[in-house]
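> next come a sequence and a model predicted from it.
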Amino acid sequence: MEDLVNGLINALKLIISLDREVFSITLISIKISTSAILLSSIIGVPLGFLIGINSFKGKGPLITLFNTLMAFPTVVVGLMVYSMISNNGPFGTLGLLFTPYAMIIGQFILAVPIITALTISAVQGVDPRIKKTAVALGANGFESIVAIALESRFAIIAAIAAGFGRVIGEVGASMMLGGNIKGYTRNIPTAIALETSKGEFSVGLALGFVLLTVALVLNFFIRFIQSNK
């Protein structure tokens, strides 16, 4: 218990003093995860929207597939991407392994199913009368789609936030693809794992607090948007 208390005190000191290493690790983590979420949102949101509003053969199994992929193990994603971009892989000549780009690819693969599945759920949760009312008022196909998008926008924002929460805290793919290189690919989760293994609990706790703070700020932001609808 004493070690935990001392660790918490030292962690607070590192955060308050804006420790350079903690700040660098946090910045790298936010940069990589934000890039991955932006790219996955570009794919996941439109894909989820198209699946959600249309009826076609195989829609049920497709939704089940995306729901299953939401629990895709990070180490499996890391292994798959590693095999593709390592020296012996088909994309080995690109030199992506142990770079932030490799980590973005891994996090992108993890986030797309989450954003897609939750977007599908958001669109399907919209009252069917919204589209019917829009059409009755003279809206064309595109305008009715916009009406559905506006009605489900807060749930879609929550879907993107869920994807961000998933990738910023994952360690398996980041460790395998980024290599945990100091000042280059060392993000918050991999740094926590490293510092804890070294017995540096204060640094690990500090980074853990930072990770929780990022999640807290994100949730406050979502709440702010939803309260001002």
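In hand now; what should we look at? Numbers count the residues shown, from 1 in each chain.
> looking at it, V171 is touching P73, isn't it?
No. Counting by Cβ atoms under 8 Å, V171 stays clear of P73, with 11.7 Å between them. Every C-beta, even on glycine, is put in place using the N, C-alpha and C of the backbone.
> so which of these two has more stuff around it?
V171 (18 against 12; other Cβ atoms under 10 Å).
> nearest residue to the more buried one in space, please, no chain neighbours.
Spatially, and ignoring its direct neighbours in sequence, V171 is nearest to P189 (3.8 Å; Cβ to Cβ, 6 or more residues apart in numbering).
> tally of neighbours for that neighbour?
Around P189 there are 24 residues (other Cβ under 10 Å).
> pretty sure I120 sits against P46.
No. Between I120 and P46 there is no contact under Cβ under 8 Å: 11.5 Å.
> those two: which is more packed in?
Between I120 and P46, counting by other Cβ under 10 Å, I120 is the more crowded of the two (24 against 12).
> please identify which helix or strand holds that one.
Assigned by DSSP states H and E, I120 belongs to helix 100-124.
> so how far is S55 from the residue nearest to V171?
Separation of P189 from S55 (Cβ to Cβ, to the nearest Å): 40 Å.
> so which strand or helix has the one residue sitting closest to the centre of the chain?
Note on the chain: the residue nearest the mean C-alpha position is F164, at 2.6 Å, using Cα atoms, centre = their mean. According to DSSP H and E, F164 maps onto helix 153-168.
> and that helix with helix 100-124, angle?
Helix 153-168 runs at 150 degrees relative to helix 100-124, counting by axes from the mean of the first three to the mean of the last three Cα atoms, to 10 degrees.
> quick one: average pLDDT of the helix holding I120?
The pLDDT scores in helix 100-124 average 96.
> ok now that helix, how far from the chain's centre?
7 Å (Cα atoms, centre = their mean, to the nearest Å).
> which helices and strands does it pack with?
Here helix 100-124 touches helix 20-53, helix 59-69, helix 74-85, helix 153-168, helix 172-178, going by 3 or more Cβ pairs under 8 Å, 6 or more residues apart in numbering; DSSP states H and E.
> turn these into a markdown table, including distance to T133.
Listed next are the helices and strands packed on helix 100-124 as a markdown table, based on distance: least, Cβ to Cβ, whole Å:
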| stretch | distance to T133 |
| --- | --- |
| helix 20-53 | 15 |
| helix 59-69 | 24 |
| helix 74-85 | 42 |
| helix 153-168 | 17 |
| helix 172-178 | 44 |
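> turn these into JSON lines, including distance to G199 and mean pLDDT.
What follows is the helices and strands packed on helix 100-124, written out as JSON lines (distance: least, Cβ to Cβ, whole Å; pLDDT from 0 to 100):
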{"stretch": "helix 20-53", "distance to G199": "16", "mean pLDDT": "93"}
{"stretch": "helix 59-69", "distance to G199": "37", "mean pLDDT": "94"}
{"stretch": "helix 74-85", "distance to G199": "24", "mean pLDDT": "95"}
{"stretch": "helix 153-168", "distance to G199": "25", "mean pLDDT": "91"}
{"stretch": "helix 172-178", "distance to G199": "19", "mean pLDDT": "94"}
